[in-house]
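Asker: When you get a sec, could you give me coordinates for this:
(one chain, ligands or ions: 1)
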Amino acid sequence: MPTAAPALSAGLSGVAQKIDRAERLSVEDALALFLCDDLAELGRLADRVRRAKNGDAATYVINRHINYSNLCVDDCLFCAFKRKPGEAGGYTFTLDEIFKRAEDLTRLGASELHIVGGHHPDLPFSFYEEMLRGLHKRHPRAALKCFTAAEILYFSEKFGLAVEEILSRFKTVGLSMLPGGGAEVLSERVRKKLCRDSKGSTEKWLSVHRAAHRLGIPSNATLLFGHVERPQEKVEHLLHIRDLQDETGGVLAFIPLAYHHENNALGKLPEPTAVERLKHIAIARLVLDNVPHIKAYWPMFGVKLSQIALSFGADDIDGTIVEEKIYHMAGASTPQEMDEPALRRLIEEAGFRPVKRDAFHRPLFLKSAS
Ligand code: V47
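Answerer: Residues are numbered from 1 along each chain as shown. Next up is the predicted model:
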């Protein structure tokens, strides 16, 4: 008869008691979760917390992604999307091409536009302002969720403008919230290894989100896992997000992103297994007690695993997407788009109640038009 490993049961029973008492998990607890391989029990605990927070609802959003350019002066080893200026496969959309793509918002009745790009060598600041202004004018009811903290830091350095000034100018012309990218792992060793000093520090990434929250711009946060990081570094990462949230309350959702290993300089490390993906969802739900939503981003997780993730702590699957380049250039085999009936079916088949939401995770009961 197989018996449970005593150390694991002991670790999880302590965590289970804390969860019953709604007590915050410690650094040691978080580390014990990463070292635990009792996925079923982790899932049960995370599902308890998830149901207490979100009931039987699982949310989705009608949205479109636009990656305006893949030209990037940085050199992050994991990235398959970026191209050096002059390299084959590089592209930059004109403002008109961006506006044309955004017309899908009207076709879909979308409430969110998600825009990120590489750290472009020579687009002027006015390009970004005009992009936001033009999109907001054309689609005033759609939330513009644009630019990772890493992009904002790049703009700050390139244009010699303070982060606060950039964010407040962007907000004036339509920026609604920041996506959670560019965080990778909030640990200096990993950032140096992955991005060779080209990306801002942990403190700088956090400072952009802090500044955004102060200005009333909420944000998401991600974790890129499954490469060179250690469990302790992921604990560090989660606690940075939890502390940020204690301080500002501006984080809407946390999204664990599994490393895809095609076409990049980091190379073919084994990709995170389904078990590891579910484990990261569950741990995020358990440790981030103050973050309202955990997202199983379906283009990265895969459609089937997103369904299962809903029983492992996730309460959101993202949305219609339409066009995704970052994961697909790194080898993701998921489709580019899912329509609303497919998203609802995915959620219902997993045993949850589908709820359409806006970018701020507010339930939408009527079909919205942009
Ligand atoms: O920061 C890049 C990751 C992120 C790879 O806020 C990779 O709702 C895996 O942040 N394998 C950008 N991951 C995407 C992002 C995001 C996605 C979905 C929803 C939200 C949100 C934000 O993609 C990057 C990086 O961590 N990434 N390359 C790769 N090869």
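Asker: List the residues that contact the spatially closest residue to Gly90 that is not a sequence neighbour.
Answerer: Spatial nearest neighbour of Gly90, excluding adjacent residues (CB to CB, 6 or more residues apart in numbering): Arg83 at 3.6 Å. The C-beta positions use only the backbone N, C-alpha and C, and glycine is treated the same way. Listed by CB atoms under 8 Å, 6 or more residues apart in numbering, the contact set of Arg83 reads 70-72, 89-91, 118.
Asker: Give the buried subset of the residues you listed as a PyMOL selection command.
Answerer: One line in PyMOL is enough to select the buried ones among the contacts of Arg83; burial here means 16 or more other CB atoms under 10 Å:
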select buried, resi 70+71+72+118
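Asker: For stretch 131-144, what is the distance to the chain centroid?
Answerer: Between the centre of stretch 131-144 and the centre of its host chain there is 22 Å, according to CA atoms, centre = their mean, to the nearest Å.
Asker: Number of residues surrounding the residue lying closest to Ala309 once chain neighbours are set aside?
Answerer: The spatially closest residue to Ala309, leaving aside those adjacent along the chain, is Ala296, at 3.5 Å (CB to CB, 6+ apart). Using other CB atoms under 10 Å, Ala296 has 27 neighbouring residues.
Asker: can you pull the contacts of Ala296?
Answerer: Neighbouring residues of Ala296 by CB under 8 Å, 6+ apart: 281, 305-306, 309-310, 314, 316-317.
Asker: quick one: it from Ser306, how far?
Answerer: Separation of Ala296 from Ser306 (CB to CB, to the nearest Å): 4 Å.
Asker: so what sits against both of the two?
Answerer: With CB under 8 Å, 6+ apart, Ala296 and Ser306 have common neighbours 314, 317.
Asker: Leu178 contacts Thr222, doesn't it?
Answerer: No. Applying CB atoms under 8 Å as the test, Leu178 and Thr222 come out as separate, 11.1 Å apart.
Asker: which one of the two has more residues nearby?
Answerer: Ranked by neighbour count (other CB under 10 Å), Leu178 and Thr222 place Leu178 first, with 29 against 23.
Asker: Tell me the pLDDT of that one.
Answerer: Here, the pLDDT recorded for Leu178 equals 98.
Asker: List the contacts of it.
Answerer: 145-149, 152, 208-209, 212, 217-220.
Asker: repeat that with 10 Å
Answerer: Contacts for Leu178 (CB atoms under 10 Å, 6 or more residues apart in numbering) come out as 116, 145-149, 151-152, 167, 170, 208-209, 211-213, 217-221, 250, 252.
Asker: among these, which are within reach of the ligand?
Answerer: Filtering these for proximity to the ligand by CB under 6 Å from any ligand atom leaves 148, 220.
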